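Student: Build the 3D model from these lines:
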Amino acid sequence: MILPYLFIARTENKGWGVFTKQSIQADLLIESSPVIIMSAQEMELLNKTKLHDYIFHWENEKCCMAMGYVPLYNHEKPSNCEYFQNFENGIIEIKSMRTIDAGEELTINYQGSMNAPNPDWFELKP
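Tutor: Numbers count the residues shown, from 1 in each chain. Below you'll find the model as predicted:
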């Protein structure tokens, strides 16, 4: 499930991103996407490729590749959305954490919660 008014577009300096054509209320389920779960050994291999930037850590030292728009949400602190991993059902859900205006980019904090203070492991682009 992906809200019908979301769309993918190029950002000024972060590559592709997820945007909305209409405003989104806070605490709304925006997307629910299945994942492909991979082993720790497969994660080691993926970490040597460009796909490293698009996989998520999963339970039991595994990783996953999410379907849908999930891999295209850009990082921001604080973000306007959060992702939630549903291990039992093998999905990742994206929820809005505040009101998001039409035309605004939807972002997640790659550290987990929207205000996670952990240092980033990559260089942030302005």
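Student: and the residue nearest to Glu76 when sequence neighbours are not counted, what does it touch?
Tutor: Nearest residue to Glu76, sequence neighbours excluded (Cβ to Cβ, 6 or more residues apart in numbering): Thr107, at 3.7 Å. Placement of C-beta: from N, CA and C, glycine included. Taking Cβ atoms under 8 Å, 6 or more residues apart in numbering as the criterion, Thr107 is in contact with 17, 73-76, 79-81.
Student: Turn these into a markdown table, columns for secondary structure and pLDDT.
Tutor: Listed next are those as a markdown table, based on DSSP: H, G, I helix; E, B strand; the rest coil; pLDDT from 0 to 100:
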| residue | secondary structure | pLDDT |
| --- | --- | --- |
| Gly17 | strand | 97 |
| Tyr73 | coil | 96 |
| Asn74 | strand | 93 |
| His75 | strand | 91 |
| Glu76 | coil | 90 |
| Ser79 | coil | 93 |
| Asn80 | coil | 96 |
| Cys81 | strand | 96 |
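Student: which of those residues are buried?
Tutor: Using 16 or more other Cβ atoms under 10 Å as the burial test, the contacts of Thr107 include 17, 73-76, 79-81 as buried.
Student: What is the nearest of those residues to Asp53?
Tutor: Using Cβ to Cβ, His75 comes nearest to Asp53 of the buried ones among the contacts of Thr107, at 10.0 Å.
Student: Can you get me a residue count around the nearest residue to the closest one once chain neighbours are set aside?
Tutor: Distances taken as Cβ to Cβ, 6+ apart put Tyr110 closest to His75, at 4.6 Å, once the chain neighbours are dropped. Residues near Tyr110, counting by other Cβ atoms under 10 Å, number 19.
Student: In stretch 48-61, which residues are buried?
Tutor: Within stretch 48-61, the residues that qualify as buried are 55-56, 58, counting by 16+ other Cβ under 10 Å.
Student: Which secondary structure elements does the longest strand seen in the chain sit against?
Tutor: Counting residues, the longest strand found in the chain (DSSP state E) is strand 29-38. On a contact count with 3 or more Cβ pairs under 8 Å, 6 or more residues apart in numbering; DSSP states H and E, strand 29-38 meets strand 63-66, strand 91-96.
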